[in-house]
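1. Give me coordinates for this.
(chains A and B)
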Amino acid sequence: MRKAEDCPTLVRRALAARPIRATVTSIGVAGCVLLVLILYSVSHGLTTGVRSFVSQEGADVWVAPRGSDNLIRNSGLLPVQTVNSLESLPGVLRADPILRGFVTAAMNSDPDTKLNLLAIAYRTPDGLGRPPSMRRGERPIGPEEVAIDRATAWRLGADLSDTVQLNGVPFRVAGISDRTNLIATQFLFVDLAAAPRLGVLPGAVSFVVVETDSGVRPGVLAGRVAAFDSSLIAIPRQTFVDNNLREVASGFRPMQRLLSFVGFLISILFVALLVHASVEDRRREIAILLAIGTSAPRVALAILLNAGALVLAGGLTGGLAALFLAGALRRWIPGLELAPRVLDAALLIPAFLIVGVAAAAIPLLRLRSVNPVEAFRP
Amino acid sequence: MNALCFDQVDASRGAGAHRVRALQEVTLQVSEGELVVLDGPSGSGKTTLLALAGGLLTPDAGTVRLENTDLAKLPAADRRRLRARRVGFVFQHGNLLSALTARQNVLLGGLLAGLDRDECRSAAEELFDRLAIGDLADRRPDSLSGGEEMRVAVARALVHSPALVLADEPSASLDGDSALAVAEALARLAGGRGSAVLVATHDARLLPFASRRIGLIDGRITSGEPHV
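-> Here you go, the predicted model:
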């Protein structure tokens, strides 16, 4: 006898769902898992863009006018002299200015395609506020060059050494950056000296990014900055990261939660319908099993295990499809910044499994209506 | 020793306005090794009697004893266990589990009765040989003829050597040879193992294999003569 031919296995096999129904259920669950995982990938892609820029090496403390606490939604400005003042504070190794503002980008070859980009003007090439990583080319050097995100390059059809118009002013694309995509917009990097050409207020900066001396805690330096000038607020790196993540996620998270909920709901319906149909389809088999001595709990467990196996198969299929699809989309459609994580799949699939098995409980009550005497019916 | 004993059993089926008295004051005994034919027209109460004998139903009045155990006094779980171990069922048209092979159907009967896997395997192999269905073991019920399916059902009912075999119209829709083969298998194999066999049928072809015939009409026993 093969090892698999034990009693629980045979009962489970006897009560397996009809193949077409089982396939439809698995595909349905796979689709829901795929949807939810893609949403999570988008969410991570979004936060990755912010996190990688804001938490770049050396950006220990972000100094802004009081009232500003994030990069995404900020209209406060500081006089450029603040940079020198902060550099003189004890514990400050380096202080670099950043001027942020939205610019309109277009190519001469396609002036109708315009993108609004979040321009970061910084001290090129390696000042704080630089592109966190370059996919191709170099960081910009001097006021004639620019680095654009890979999604921007894809949407504009721009490549290295091409000329891109920013607010109607030509710049040469020196590099294409990575992990700088906020989905709705992208970061764009120019030299601080180019800011006047873009029509941004000269003599002002949005933030001063401070690198601390080794051994100086960012929180301590933040206190010194506040004591030095009460119109400034100094925000340690992690707090600043959290503030920016809050801003980018605030519009996306409710939709993500809603669609995830819908995904779970559809899975619940699929599994509940499957179990309901399994009890009805297999009514004769259930009656026979009960008549020849199978316990009702064993029958129920067999149906639950069958449903669980289908949810698991669907979950794994959906998980693998999501990882593959996210990777493929990221490669073929750079405008979609997807960051799939195996951890999400590892957490979501068991969640779907638990929810799916729980969903089976109510239709399983139909088992009570099966009378083993029905086994005598031909 | 009596394997099965009915004593003044009343039973009803259905509920509410559809409730009908299916059996009235039924008294009968079936001894070890005996094959008894329960003969009666459709609706006479044969299936209800089998269901009571197998502990699938409990009587409204009277007692049903399986090997001297009053089934109605057992908790439902104990009744189920007793049924799995001491009763074998041959349902009309076999009623095998369609998703399992013939062998798996038979093995399941033995495993549910508490046989270990080796015992189960050897008992199944022996029955497959004696019923000449060894070459059907890996086939599913939908690929078996009616007679083949019934022989597999007989193997499932006998694999755990039960005290009582309950067969419901085992020859229904079978041709002459197949009906005789099934009846012969029940009489020879069950009797040879000391099992009592109660066969509900109105097929006269089975009578030569019976040690007794009991007539049942409208839920009452009308005759109980030894068959010659």
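2. Residue B:63 belongs to a helix?
-> No - counting by DSSP: H, G, I helix; E, B strand; the rest coil, residue B:63 is not found in a helix; it is strand.
3. That one contacts residue B:4, correct?
-> No - Residue B:63 lies out of contact with residue B:4 (C-beta atoms under 8 Å); the separation is 11.4 Å. For every residue, glycine as well, the C-beta is placed using N, CA and C.
4. Of these two, which one has the most company?
-> residue B:4 (25 against 14; other C-beta atoms under 10 Å in any protein chain shown).
5. ok, and what's touching the one helix or strand the more buried one maps to?
-> Assigned by DSSP states H and E, residue B:4 falls within strand B:2-13. Residues from elsewhere that reach strand B:2-13, judged by C-beta atoms under 8 Å, 6 or more residues apart in numbering or on different chains: B:19-32, B:34, B:45, B:48-49, B:52-53, B:57, B:59-68, B:163-164, B:195-196, B:198, B:219.
6. List the buried residues for it?
-> Neighbour counts over strand B:2-13 (16 or more other C-beta atoms under 10 Å in any protein chain shown) mark B:2, B:3, B:4, B:5, B:6, B:7, B:9, B:11, B:12, B:13 as buried.
7. before we move on, what SS does the residue nearest to the spatial centre of chain B have?
-> Geometric centre of chain B, nearest residue: residue B:166, 1.3 Å, by C-alpha atoms, centre = their mean. What three-state DSSP gives for residue B:166 is strand.
8. wait, does stretch B:206-221 contact chain A?
-> No - using C-beta under 8 Å from any C-beta of the partner chain, stretch B:206-221 stays clear of chain A, coming no nearer than 15.1 Å.
9. Now that stretch: average pLDDT?
-> Summarised as a single mean, pLDDT over stretch B:206-221 is 91.
10. ok, now stretch A:282-302?
-> Across stretch A:282-302, the average pLDDT comes to 93.
11. quick one: buried residues of it?
-> Buried residues in stretch A:282-302 (16+ other C-beta under 10 Å): A:282-296, A:298-302.
12. Need the residues that contact it.
-> Residues contacting stretch A:282-302 (C-beta under 8 Å, 6+ apart): A:8, A:11-12, A:14-15, A:279, A:364, A:367-368, A:370-377, B:54, B:56, B:77, B:80-81, B:83-85, B:89, B:91, B:95, B:97-99, B:108-109, B:112-113, B:156.
13. just checking, which of the residues you listed belong to strands?
-> Counting by DSSP state E, the contacts of stretch A:282-302 place residue B:89 in strands.
14. Now list the buried members of the contacts of stretch A:282-302.
-> By 16+ other C-beta under 10 Å, the contacts of stretch A:282-302 give A:11-12, A:14-15, A:279, A:364, A:367, A:370-376, B:54, B:56, B:80-81, B:83-85, B:89, B:91, B:95, B:97, B:99, B:108-109, B:112-113, B:156 as buried.
15. what bridges to the residue nearest to the centre of chain B?
-> Residue B:166 has the following beta-bridge partners by DSSP bridges: residue B:89, residue B:198.
16. Where does residue B:29 sit: helix, strand or coil?
-> strand.
17. Please tell me how far the nearest residue to it once chain neighbours are set aside sits from residue B:11.
-> Nearest non-adjacent residue to residue B:29, counting by C-beta to C-beta, 6 or more residues apart in numbering or on different chains: residue B:2, 4.6 Å away. With distances taken as C-beta to C-beta, to the nearest Å, residue B:2 is found 19 Å from residue B:11.
18. just to revisit the earlier point, what pairs with the residue nearest to residue B:29 across the strands?
-> Assigned bridge partners for residue B:2, using DSSP bridges, are residue B:31.
19. ok, now the one 4 residues further on?
-> Beta-bridge partners for residue B:6, by DSSP bridges, are residue B:28, residue B:64.
20. near chain A at all, stretch B:169-185?
-> Yes - interface with chain A: stretch B:169-185 contributes B:169, B:172 (C-beta under 8 Å from any C-beta).
21. Would you mind pulling the contact partners of that stretch?
-> By C-beta under 8 Å, 6+ apart, stretch B:169-185 touches A:378, B:90, B:92-93, B:130-131, B:145-147, B:150-151, B:153-154, B:186, B:199-203, B:205-206, B:209.
22. That one: which residues count as buried?
-> For stretch B:169-185, by 16+ other C-beta under 10 Å, it's B:169, B:170, B:171, B:174, B:178, B:179, B:180, B:181, B:182, B:183, B:185.
23. Including secondary structure, could those go into a markdown table?
-> Formatted as a markdown table, the buried residues of stretch B:169-185 follow (three-state DSSP):
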| residue | secondary structure |
| --- | --- |
| B:169 | coil |
| B:170 | coil |
| B:171 | coil |
| B:174 | coil |
| B:178 | helix |
| B:179 | helix |
| B:180 | helix |
| B:181 | helix |
| B:182 | helix |
| B:183 | helix |
| B:185 | helix |
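24. follow-up on the earlier one: so who does the residue nearest to the centre of chain B touch?
-> If you count contacts by C-beta under 8 Å, 6+ apart, residue B:166 has them with B:50, B:53, B:54, B:87, B:88, B:89, B:90, B:198, B:200.
25. give me the number of residues near the fifth one?
-> Right, residue B:88. 30.
26. Relative to residue B:191, how far out is it?
-> To residue B:191, residue B:88 is 13 Å away according to C-beta to C-beta.
27. before we move on, what about the last one?
-> Note on residue B:200: its distance to residue B:191, by C-beta to C-beta, is 18 Å.
28. Looking at the two, which has the bigger crowd around it?
-> residue B:200 (26 against 18).
29. Pull out the buried positions in the helix or strand that residue A:44 is a member of.
-> Here residue A:44, judged by DSSP H and E, is contained in helix A:19-54. Within helix A:19-54, the residues scored as buried using 16+ other C-beta under 10 Å are A:21-22, A:24-54.
30. By proximity to chain A, which residue of chain B wins?
-> residue B:84 (2.4 Å; C-beta to the nearest C-beta).
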